[in-house]
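Q: Quick one, fold the following:
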Amino acid sequence: MAAALLIGMAVCAAGCLVFRAGNWVSVSAAQKELPIYSVERKDKVCALTFDAAWGNEDTQQLIDILKTENIQATFFVVGAWVDKYPESVKALSDAGHEVMNHSATHPHMPDLSTEQMTEEVQSCNEKIKAITGVQPTLFRPPYGDYNNAVISTMRSIGMYSIQWDVDSLDWRNPAPSEITKRVVENAQNGSIILFHNAAVNTPAALPSVIAGLKAKGFSFLPVSKLIYTENYTMDHTGRQIPNTVG
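A: Numbers count the residues shown, from 1 in each chain. As a prediction, the model looks like this:
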């Protein structure tokens, strides 16, 4: 046993050995970093989010629908989209929606160095702030693609990384009724729901999505007001758990 303990101590730099069922088992010391997928809430509240990376066919329609429903949403925009459609960025901000960061060029972030990740995000932040006057604090990785380095790099520059736990799959162009069914059936307290601008059937589906969620008792917050910024832990699914559930 003494020899086994010495072996265990020797490998602690790479991981840990634990004595389990009569054998020493290696357990990685590194903990997987996770973005925020959802939030533990007692109240029936969720967030509508839209990624804007390519087209701009329906941005004003989405603004008009959300205005009618008196809902503030969060739009994650790519820096190149900001360059191409600055008037839409201003319209989103003027309508009371959050305009947050979806990178400068929509790369696979894990393929980049820490310096390149930082440049991608800070460049996009500068473009958004120049139009809205607001410094973004939330980042959604393009393609939902991340690793430990992405999450820790974002944290080091003051950004919360945001995923989703309900995917409308609107980019596949399903019928509006399919989008509605998928979102309404899967939403739970603290859900972050993913849509895209320039998806063919999202404007047609959005009113019925909202009606269905309201019928289940949901109200809506932008992501920055849904998440916790201190005194929380993360479970293995990426769900924020506050020290005191609100």
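Q: which residues of the chain score low on pLDDT?
A: By pLDDT under 70, the weakly predicted segments of the chain are 1-30, 245-246.
Q: Okay, domains of it per the record?
A: 1-30, 38-242 (automatic domain parsing).
Q: can I get those in a markdown table with mean neighbour count?
A: Any C-beta I mention is one placed from the backbone N, CA and C, and that applies to glycine too. Below are the domains of the chain laid out as a markdown table (neighbours: other CB atoms under 10 Å):
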| stretch | mean neighbour count |
| --- | --- |
| domain 1-30 | 10 |
| domain 38-242 | 18 |
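Q: Might you report the residue contacts of the nearest residue to residue 144 once chain neighbours are set aside?
A: Leaving aside its chain neighbours, residue 144 sits nearest to residue 163 (6.0 Å; criterion: CB to CB, 6 or more residues apart in numbering). Applying CB atoms under 8 Å, 6 or more residues apart in numbering to residue 163 gives the contacts 35, 36, 37, 140, 141, 144, 146, 192, 238.
Q: residue boundaries of the strands in the chain?
A: Assigned by DSSP state E, the chain shows strands spanning 15-20, 23-28, 38-39, 45-52, 74-77, 98-101, 138-139, 160-161, 166-167, 192-196, 219-220, 232-234, 239-242.
Q: can you put the contacts of residue 163 in a markdown table and add distance to residue 133?
A: A markdown table is the format used below for the contacts of residue 163 (distance: CB to CB, whole Å):
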| residue | distance to residue 133 |
| --- | --- |
| 35 | 26 |
| 36 | 25 |
| 37 | 29 |
| 140 | 21 |
| 141 | 25 |
| 144 | 29 |
| 146 | 28 |
| 192 | 25 |
| 238 | 31 |
